[in-house]
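S.K.: what follows is a protein structure lacking sequence information:
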């Protein structure tokens, strides 16, 4: 075991977010502080038996400002330092964490090391902060290896409130409580209690020829269309007629159902005929899309809408950006949206 630990090192990447904030004693406002102060707040970081290095965004970013350029930057950082570290921790604001985790799962093809995103609901300097436990446990998991010296969880994950989850399966579901994230359609990869218990048979299996292939091409000509009772044709048309639009994530009811209005099916069919890829995901937190289950869903299938199965909206959006960015035509994007490429859907 000692030999395994001797070869272990983790890179801690601080992008910004609540976990890296401290309250200004004069104004009461939350402000970003640097990683040196973070280490003072968490002296336990020095107790790990392996090496921890840090990389800090300057200036730190609120997660509301995270965009594909930042995803590319993160991929570049990980790729550049890939051979020097056993695992990577990304400290990230919670609001867009699920989008970043999903995007990185597609952009880091051939990943064979843990990339764990974590953060907190309360700043690290607050007495009851959840950030301290989230960070320390994430680091322990990032450095964990099996008896063969392989990482326990060699994929992009989110750790929050005692649960390690597949990154492209998560969504933020609580803005107030510590259990901010949930993986509704896929089991947790690990649970942290007195001991960290890793799930069996649900983690990515490594192959000997696994080589990291970083991707940077993303196309953001995408829109999200969320259905609601009473939605007007003009609203749907305004989205489907956006200049340069290439894909739409359609958030439907239940198992993939939509209103049976002539104009609605016609608008979708015309958009699909024009080469716009429309992916059907459910507004429900848990469950999957089955468009052939009810007539209200079957009409979408006939119009050319693609089944998103049990994909989260965050995963569907970033997967479309990834596929479109690589220049695939509409037919190929539709085909690949129905196939898991990073464990993001269950077909």
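M.R.: That came through, no problem. Remember, it's a predicted structure, so these values are computed and weren't measured experimentally. Numbering: from 1, shown residues only.

S.K.: which residues touch residue 320?
M.R.: Listed by CB atoms under 8 Å, 6 or more residues apart in numbering, the contact set of residue 320 reads 222, 246-247, 249, 277, 279, 333, 337. For the C-beta atoms, the positions are set from N, CA and C on the backbone; glycine is no exception.

S.K.: actually residue 11, sorry about that
M.R.: Counting by CB under 8 Å, 6+ apart, residue 11 makes contact with 52-55, 77, 81, 84-85, 87-89.

S.K.: from the residues you listed, which two are the most distant?
M.R.: Of all pairs drawn from the contacts of residue 11, the greatest distance, 15.4 Å, lies between 52 and 77 (CB to CB).

S.K.: mind jotting down where the helices sit in the stretch 1-150 of the chain?
M.R.: Defined through DSSP state H, counting those that start in this stretch, the helices belonging to the stretch 1-150 of the chain, from first to last, are 2-6, 35-41, 68-80, 97-107, 131-142.

S.K.: among those helices, which is the most enclosed?
M.R.: Across the helices of the stretch 1-150 of the chain, the average number of neighbours (mean count of other CB atoms under 10 Å) peaks for helix 97-107, which reaches a mean of 27.

S.K.: between that helix and helix 68-80, how many degrees?
M.R.: For helix 97-107 and helix 68-80, the angle between their directions (axes from the mean of the first three to the mean of the last three CA atoms, to 10 degrees) works out to 50 degrees.

S.K.: and for stretch 215-224, what's in contact with it?
M.R.: Stretch 215-224 is contacted from outside by 68, 71-72, 75-76, 103, 106-109, 239, 242, 244-249, 251, 313, 317, 320-322, 324-327, using CB under 8 Å, 6+ apart.

S.K.: how does it look with 6 Å?
M.R.: 68, 72, 107, 239, 244-249, 320-321, 324-326 (CB atoms under 6 Å, 6 or more residues apart in numbering).

S.K.: same check on stretch 288-304?
M.R.: Counting contacts by CB under 6 Å, 6+ apart, the residues touching stretch 288-304 from outside are 255-258, 260, 265, 268-269, 272, 280, 282, 307-310.

S.K.: make a ChimeraX selection of the buried ones in the residues you listed.
M.R.: Provided next is the ChimeraX selection string for whichever of those are buried by 16 or more other CB atoms under 10 Å:
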select :255,256,257,258,265,268,269,272,280,282,307,308,309,310
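
S.K.: which of the contacts of stretch 288-304 fall in strands?
M.R.: In this view, those that belong to strands under DSSP state E are 280, 282, 307.

S.K.: per-residue pLDDT, the last one?
M.R.: Translated: residue 307. Reading off the confidence values, residue 307 has pLDDT 96.
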